[in-house]
Each structure stands twice: as C-alpha cells, then as structure tokens.
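# Quick one, fold the following:
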Amino acid sequence: MLIKQISIFIENKSGRLAEITKLFGEKGVNILALSIADTTDFGILRLIVSDADKAEKAVKESGLTAKVTEVIGVSISHTPGGLAKALSVLHQNGISIEYMYAFATRSEQDAMVILRVKDNFAAIKHLTDAGISILRKEDLAELF
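From the prediction side, this is the model:
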C-alpha cells in the first residue's frame, strides 16, 4: 500500500526541470504526479513515476542527488469536504502531515492525494478504518 516517490535535489536554475523531464522521457519513465518546493537557490522536486528505481538511477547517473521514499496515496471523494474528511481523520489521531500534493486522473468521482507522514502504517490504518481508500501500486499502474 506504500507508493515509491522519487525526490530530486535541484539547483533553482532555468532549464533544470526541462532537463529532468527530458531524461525521464529518454529512459522511458512516465510521470504521473509532481510537486516542487523551492528556495532562492535550490528546490526539491518530488515525483510519482512509472518506475522510481529506474528514475533514481538515471538521475544519479546524470550527477544529481535523488532519493526514493515511501508515501501514501489516498483516493478521496471529488466533492466539497472530501479532502477535509481525510485530513480530519489524521488530525484526530495525532498524525501530522509533512507535505502533500494532489494529481488529476480520468475519474470524475475521485481525486488523488499523495501524503508524507512520519508513520505511514498508522495513517493507513486510521484512514482505512474511516472508509478512505488507500491507493495500491496496482491502482497507480492503471493510471500510466
């Protein structure tokens, strides 16, 4: 139920994202979701891709720093309050969110959210107990 995410430490410089996305294209790695957090000089690019291990290897071979981490993917109702329900469950159980980002799919009923928390397994248990769907690797594979 955990999803591999690749995080890439990049210099905040024109063309950097183009280089990375071109590299992934050349290596046959498809991007499903991404988020970037930046400062004046550097940024962290976080991505959900078709093959995180292959992406990590390609990035490292190009001289950049990359790390694969495990995150949780959540399928929430694409209605007002859908995200609030999932976040309330985590809050009520003392689980803080380090970061999160969402991505679009073909479904009109559901929205997909990637969550990074300190205790993935506790978060999964509480979300599941509350009736919130956790994405599996197989679910993501269908989206590529």
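# partners of the strand of greatest length in the chain, with directions?
Taking DSSP state E as the criterion, the chain has its longest strand at strand 65-77. For strand 65-77, the paired strands and their directions (DSSP bridges) read strand 2-11 (antiparallel), strand 110-117 (antiparallel), strand 133-134 (antiparallel).
# Centre of the chain to that strand, how far?
Between the mean C-alpha location of strand 65-77 and the chain-wide mean there is a distance of 4 Å, by Cα atoms, centre = their mean, to the nearest Å.
# buried stuff in it?
With burial defined by 16 or more other Cβ atoms under 10 Å, the residues of strand 65-77 counted as buried are 66, 71-76. Where C-beta positions appear, they are placed from N, C-alpha and C, glycine not excepted.
# With Glu142 as the reference, name the closest of the strands paired with strand 65-77.
With Cβ to Cβ as the measure, strand 110-117 is the member of the strands paired with strand 65-77 nearest Glu142 (11.7 Å).
# CA atoms only: put the closest one into PDB for me.
Backbone C-alpha positions of strand 110-117 (Å, rounded to 0.1, in the frame of the first residue of the first chain) are rendered in PDB as follows:
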ATOM      1  CA  ASP A 110     -12.300  10.700  -7.100                       C
ATOM      2  CA  ALA A 111      -9.300  12.900  -6.500                       C
ATOM      3  CA  MET A 112      -5.900  11.500  -5.700                       C
ATOM      4  CA  VAL A 113      -3.700  12.900  -3.000                       C
ATOM      5  CA  ILE A 114      -0.100  11.900  -2.000                       C
ATOM      6  CA  LEU A 115       0.700  12.200   1.700                       C
ATOM      7  CA  ARG A 116       4.000  12.100   3.500                       C
ATOM      8  CA  VAL A 117       3.700  11.500   7.200                       C
END
